[in-house]
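# Here is a sequence together with a model predicted from it:
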Amino acid sequence: MSVLIAERVQQALVQLRVRSTAERLDSLLSEAARKELSFLDFLDHLTRYELESKQRKRTSMGIQIAHFPGTKSLADFDYAFQPSVDKKLMTELATGRFIANGENVVLFGPPGVGKTHLA
């Protein structure tokens, strides 16, 4: 692809507010050439990349707007602090399979034992 066409496509992507794809256009084009993707496969790759990027940004913005005191993950939970919590069970719950099965999960206990962190 000529440099002029690549620049024109990149500018069009920016105008269309497809910024993540515009920023990575060169590497995406190189990857498509290396993998010998068809036009449709390349377009699929571009749109999935942009959708994932927008979802990440939307999630990040939502977290910022919510003003959470800090983000926590299951990996950060101190099981030594709360030995009564079954790590294997928490890992299983983290898969979300209980949702697909139509099951409920209730965390209960006194204040300060890690319920909110686990939720």
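That came through, no problem.
# Tell me the secondary structure of Gly102, please.
Here Gly102 is recorded as coil under DSSP: H, G, I helix; E, B strand; the rest coil.
# count of neighbours near it?
With neighbours defined by other C-beta atoms under 10 Å, the count for Gly102 comes to 6. Placement of C-beta: from N, CA and C, glycine included.
# what's the answer for Ser84, then?
By other C-beta under 10 Å, the residues close to Ser84 number 8.
# And Leu118, by the same measure?
The local packing of Leu118 (other C-beta under 10 Å) involves 16 other residues.
# First-to-last residue distance for stretch 77-84?
13 Å (C-alpha to C-alpha, to the nearest Å).
# Break this protein down into its structural domains.
Domain assignment for the chain by automatic domain parsing gives 3-66, 74-118.
# Out of these, which is the most enclosed?
Highest mean neighbour count of the domains of the chain: domain 3-66, a mean of 13 (counted as mean count of other C-beta atoms under 10 Å).
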